[in-house]
Each structure stands twice: as structure tokens, then as C-alpha cells.
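Enquirer: kindly generate the corresponding structure for this input.
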Amino acid sequence: MRTSGPGSSGPGRRPGPGVPGHRPRTSGFTLIELLVVIAIIAISVGVVSLALRDRGASRLDQDGERLAVLLEMARAEARAAGSTVLWVPGVRPGGDGSQFRFVGLPAAQALPTHWLDPDTRAVVVGAGSVRLGPDAILPPQRIELQLGAYRLQIASDGLGPFTAEPAAALP
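Expert: Numbering: from 1, shown residues only. Below is the predicted model of the structure:
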């Protein structure tokens, strides 16, 4: 008497569980699955490392963008009033502790005189101050800001606005 249907046993068929010669399928990951996971982890680490900037570079970028806006405000005021306005970096001896100042603005147009980070230093490249008016066309001017190991430049070609480059580490 037959115990199984036609074609269910014989050569070419694998033995089922509990039959001698049966090997259970081993569990695990294929090489492709492992490579996909490693690629996802590598991309995630790259994105996170780019998103995390050094605090000093971020503070210097903020100071640079703020100074560029302040310079444009003072430049517009100088042109509107027809007066010469200068931006002078550095602490005034015996003064109020300001870290930079705008010379020539009316007292009613007082602008900030301190950096966001007190360790920020500024140098006007090729001069002692930046001229902001009253002329519409000014000579090219450049300011270099430094905070710790980072440097940033704010520049204008004389026609366009002052712009800040992203902070870069000193060589």
C-alpha cells in the first residue's frame, strides 16, 4: 500500500525535516544585505559630521554676517546723510570698552560696538579703517576677522555690498 502521492518521493526530492540527510537552512545575512547596511551607516556618519561644526567657526560666521549687515547699514546712512563714516576696529584707549566703532554717524544712529564672541579680533587689510561714504563708489576694502584657529574675510569691491566668506581654519 502506498503512503504518498505520485511523484512526491524518489530521486531529486529533498528529504523533509526529521529525515536523515536533511540540513536545516542556516539563518544569517547575505553579503548584499551587509553591504547595504554599511553604506547606510557611512552616509549617516558623513551627514552628521558635516552638520556638526566647531563652535568657534559658527560664532565667527555669525560675527562676520552681523558685521557685513552693520557695515551696509552704516554705508546707507552715510550716503543718505552725505557724511563720511568710518568703521574702526580695536578697543579705544581709555574708552568705553568697545571692540569696534563707527565714526561719523549721528548719536541717534548708534550701532553695536561689541562682537558676539569677545575673543573675535579684526584687522582692516591695507588700512586702519573702512570708509563707508558718502560716495556711491568706494575703493575695494577687506576686513579679516579671527577667532582662535579660524579666519573669515569680509569684503566689498566698492560697488557691491560687503559679504562674508565662511570661516576657515588657519593653515
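Enquirer: in stretch 75-91, which residues are buried?
Expert: For stretch 75-91, burial by neighbour count (16 or more other C-beta atoms under 10 Å) applies to 75, 77-78, 85-87, 89-90. For glycine as for every other residue, the C-beta is placed from the backbone atoms N, C-alpha and C.
Enquirer: those residues: which two are farthest apart?
Expert: For the buried residues of stretch 75-91, the maximum inter-member distance is 21.7 Å, found between 77 and 90 (C-beta to C-beta).
Enquirer: what's the closest of the buried residues of stretch 75-91 to residue 137?
Expert: For those, the nearest to residue 137 is residue 75 (11.7 Å; C-beta to C-beta).
Enquirer: need the contact list for residue 103.
Expert: Counting by C-beta atoms under 8 Å, 6 or more residues apart in numbering, residue 103 makes contact with 85-88, 129.
Enquirer: now residue 156. Its backbone dihedrals?
Expert: phi -140, psi 140 (degrees, to the nearest 10).
Enquirer: so it sits right up against residue 141, yeah?
Expert: Yes - counting by C-beta atoms under 8 Å, residue 156 does reach residue 141; the two are 5.6 Å apart.
Enquirer: so where's this structure shaky on pLDDT?
Expert: Scanning the chain for pLDDT under 70 picks out 1-25, 53, 91-97.
Enquirer: could I have stretch 66-79 exported to CSV, CA atoms only?
Expert: C-alpha atoms of stretch 66-79 as CSV (Å, rounded to 0.1, in the frame of the first residue of the first chain):
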residue,chain,number,x,y,z
ARG,A,66,26.5,90.6,11.6
LEU,A,67,29.4,92.9,10.7
ALA,A,68,28.5,92.8,7.0
VAL,A,69,25.0,93.9,7.8
LEU,A,70,26.2,96.7,10.1
LEU,A,71,28.6,97.9,7.5
GLU,A,72,25.8,98.1,4.9
MET,A,73,23.5,99.9,7.4
ALA,A,74,26.3,102.5,8.1
ARG,A,75,27.0,102.8,4.4
ALA,A,76,23.4,103.6,3.6
GLU,A,77,23.2,106.1,6.4
ALA,A,78,26.4,107.8,5.2
ARG,A,79,25.1,108.1,1.6
